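J.: whatever this is, show me its structure:
(one chain, ligands or ions: 1)
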Amino acid sequence: MTAPVAPLTERRAWKALTAHHRTIRDLHLRKLFADDPARGERMTVEAAGLYLDYSKHRVTADTLTLLLQLAEESCLRERIDALFRGEKINLTENRAVLHVALRAPRGATLVVGGENVVPQVHDVLDKMTNCADRIRNGTWKGHTGKRIRNIVNIGIGGSDLGPVMAYEALKHYSDRALTFRFVSNIDGTDFAEAVRDLDPAETLFIVSSKTFTTMETMTNAQSARAWSLAGLGGAAASVARHFVAVSTNAAEVAKFGIDPANMFGFWDWVGGRYSMESAIGLSTMLAIGPEQFRAMLAGFHQMDEHFRTAPFGRNLPVLMGLLAVWNNNFLGAQTVAVLPYEQYLKRFPAYLQQLTMESNGKRVTRDGVEVTYQTGPIYWGEPGTNGQHSFYQLIHQGTRLIPSDFIAFHESLNPLGRHHDLLLANVFAQTEALAFGKTAEEVRREGTPDWLVPHRVFEGNRPSNTILAECLTPETLGRLVALYEHAVFTQGVIWDIDSFDQWGVELGKVLAQRIVPELESEAEPTLTHDSSTNNLIRRCRRHKQSS
Ligand code: G6Q
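T.: Numbering: from 1, shown residues only. Predicted coordinates for the structure are as follows:
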């Protein structure tokens, strides 16, 4: 186990940062850049194919020194080593956290409970490869002998957000002869719309659920089985050709009727939100092919190695994590906007919402003591340039400070006239405007009448990261996801919280179970909720009875 650390607010570096913040809080990025003309070149770091410009943060060299000291005092180095050693750092669930093993190359060693898990990981990858090859080349036939043309992934949370995001992000590399759909919501509309134009004879369902007990997924899976059987003449044998499962729960998978040969396993040391590169990524592999899937894993691994070995001052995830702590705890930012200037990354902010908020939305330390500081901020965002025509107004001129991550690529996957230059021009213009704003004097000089001047002033001093990469490839996506994963871990270590449990999500899994029979029972149930909940339940029962 790693050494205990002092409570966050008692760490020397934290106290020094608090004092330091008082001395620099009014410092403007205009001055920081004017005083140091090389700042925009110096405060950058490049690793594993990603370039991070963090110069537009409200920090000085002293801030960074203190943040790095904070990382040392928080035992970040020891905690990183513990993660990679397979220690049970998910304390409340008594589990190792080894998503890094999912992307370790064949031949590497990562030990959990005395066993090297890398060979198991590659056995599953090989089994996935075999399945993907058979479906993609048409040798996997459906019950009626037709080849599979439609893939429907059924899963929710970590068993959905990663697959959806990766499918959208890597659509350019996908086999366009296959149709992909993703069903997550318990709302029947999600399933109905996903299958309405599909032929059951050509449709394969991937039931993705670590536990294979999640209400939404199991309900959707039952509806899928009924839909598939109805379309295929009711032959139970058809299930084996039209359903595969991704799960850790072999017993439940068998009970559902899925052939164990068509089950792809993973392990309790993979958290749901850290599972897109495990068998949960089967739909991704089906879409882009095994080779590109392995390229994505290689990208993840490059960032893992960078995180594990690079000195903190040149370590992308560490720097991003520390700057997020600075913005959150010292500048008082409550949210972070993630703004990918790449249409294919349109689901990336939604994916990051789970990764960041489920991991760091915690109010007690690892020891169960209530924190006296803010932990994980709210993440949100939309692809650029769309957001510029809506919520950017608040980022530029509102009363809240919203640090923003701008993500862009040198090359477009769909070069079209001037589009890409215009897209990049918008990225750079936005970060520039956010940092430097426009003073009243500048506005006046433009001939603006006095009464209008305050409305047209931009305070500036709004921090941002710019992340640049060459081109959106599977490898780059892996690097980018791993960057955020490790930045989230870094923040969790500083805040001394368990970034790998999710008791708030577990609560949601049981809450509704009590109300379901109260809505469905024939006899009038005795309701013992509060008066509002009782009344809502009665109202729905009355509506059902009258319709
Ligand atoms: C992720 C969470 C959660 C989980 C879903 C689905 O870290 O644990 O989002 O992925 O609740 O769970 P199952 O995969 O077990 O259905």
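
J.: where does this structure dip in pLDDT?
T.: Within the chain, the ranges that satisfy pLDDT under 70 run 1-4.

J.: residues in contact with the residue nearest the centre of it?
T.: By Cα atoms, centre = their mean, the chain has its centre lying nearest to Leu352, at 2.9 Å. The contact partners of Leu352, by Cβ atoms under 8 Å, 6 or more residues apart in numbering, come to Val338, Tyr379, Gly381, Tyr484. In this view, the C-beta of every residue, glycine as well, is placed from N, C-alpha and C.

J.: check the residues you listed and tell me the two furthest apart.
T.: Using Cβ to Cβ, the contacts of Leu352 reach their maximum pairwise distance at Gly381 and Tyr484, which is 12.1 Å.

J.: quick one: name whatever helix or strand follows the helix or strand where Ala337 lies.
T.: Ala337 is part of strand 335-340 when elements are defined by DSSP states H and E. As assigned by DSSP H and E, the chain's next helix or strand after strand 335-340 is helix 348-353.

J.: does that following helix reach the ligand?
T.: No - Helix 348-353 lies out of reach of the ligand by Cβ under 6 Å from any ligand atom, never closer than 11.1 Å.

J.: around the ligand, pick out the residues from the stretch 1-150 of the chain.
T.: Nowhere does the stretch 1-150 of the chain come near the ligand, counting by Cβ under 6 Å from any ligand atom.

J.: can you give me the strands for the stretch 1-150 of the chain?
T.: 44-47, 50-53, 111-112, 115-116, 150-154 (DSSP state E, counting those that start in this stretch).

J.: what's the offset of the fourth one from the middle of its chain?
T.: It stands for strand 115-116. Relative to its chain's centre, strand 115-116 lies at 28 Å (Cα atoms, centre = their mean, to the nearest Å).

J.: same deal with the last one?
T.: Per Cα atoms, centre = their mean, the displacement of strand 150-154 from the mean C-alpha position of its chain is 21 Å.

J.: buried residues in stretch 463-470?
T.: Residues of stretch 463-470 classed as buried: Pro463, Ser464, Asn465, Thr466, Ile467, Leu468, Ala469 (neighbour count, 16 or more other Cβ atoms under 10 Å).

J.: okay, now the residue in the stretch 301-450 of the chain that the ligand sits nearest to: neighbour count?
T.: Here the stretch 301-450 of the chain gets closest to the ligand at one residue, Glu358, 5.6 Å apart by Cβ to the nearest ligand atom. If you count neighbours by other Cβ atoms under 10 Å, Glu358 ends up with 23.

J.: who's the closest spatial neighbour of it, skipping the chain neighbours?
T.: Gln502 (5.1 Å; Cβ to Cβ, 6 or more residues apart in numbering).

J.: same check, this time on Thr356
T.: Once flanking residues are discounted, Thr356 sits nearest to Tyr379: 4.6 Å by Cβ to Cβ, 6+ apart.

J.: after the helix or strand containing the one you found comes which helix or strand?
T.: Element membership for Tyr379, per DSSP H and E: strand 378-380. Where DSSP H and E defines the elements, the next helix or strand beyond strand 378-380 is helix 392-397.

J.: same for that following helix, what does it pack against?
T.: Using 3 or more Cβ pairs under 8 Å, 6 or more residues apart in numbering; DSSP states H and E as the contact test, the elements touching helix 392-397 are helix 419-436.

J.: excluding its backbone neighbours, what's nearest the residue of the stretch 201-350 of the chain found nearest the ligand?
T.: Closest approach between the stretch 201-350 of the chain and the ligand, counting by Cβ to the nearest ligand atom: Gly272, at 2.3 Å. Among residues not flanking Gly272 along the chain, Gly158 sits closest, at 2.5 Å (Cβ to Cβ, 6+ apart).

J.: list the contacts of the one you found.
T.: Gly158 neighbours (Cβ under 8 Å, 6+ apart): Lys210, Gly271, Gly272, Arg273, Tyr274, Ser275, Met276, Ile280, Gln354.

J.: ok so it is a strand residue?
T.: No - checked against DSSP: H, G, I helix; E, B strand; the rest coil, Gly158 lies outside a strand; its state is helix.

J.: measure Arg149 to the ligand for me?
T.: According to Cβ to the nearest ligand atom, to the nearest Å, Arg149 and the ligand sit 26 Å apart.

J.: would you agree that residue is in contact with Glu202?
T.: Yes - at 4.3 Å, Arg149 counts as touching Glu202 under the criterion of Cβ atoms under 8 Å.

J.: ok, which residues in the stretch 251-400 of the chain are in contact with the ligand?
T.: Residues of the stretch 251-400 of the chain lying near the ligand (Cβ under 6 Å from any ligand atom): Gly271, Gly272, Arg273, Glu358.

J.: what about those, which one has the most neighbours?
T.: Scoring those on neighbours with other Cβ under 10 Å, the highest-scoring entry is Arg273 at 27 neighbours.

J.: can I take it that that residue is in a strand?
T.: No - counting by three-state DSSP, Arg273 is not found in a strand; it is helix.

J.: quick check: it vs Phe300, distance?
T.: 14 Å (Cβ to Cβ, to the nearest Å).

J.: which residue does the stretch 101-250 of the chain bring closest to the ligand?
T.: The ligand sits closest to Gly157 of the stretch 101-250 of the chain, with a gap of 2.2 Å, by Cβ to the nearest ligand atom.

J.: packing partners for the longest helix anywhere in the chain?
T.: In the chain, assigned by DSSP state H, the helix with the most residues is helix 474-495. Packed against helix 474-495 by the contact rule (3+ Cβ pairs under 8 Å, 6+ apart) you find strand 50-53, helix 61-73, helix 76-84, helix 290-309, helix 316-325, helix 348-353, helix 359-360, strand 464-469.

J.: dump the residue contacts of whichever residue of the stretch 1-150 of the chain sits closest to the ligand.
T.: Residue nearest to the ligand within the stretch 1-150 of the chain: Glu93 (10.0 Å; Cβ to the nearest ligand atom). Contact analysis of Glu93 by Cβ under 8 Å, 6+ apart lists Phe500, Asp501.
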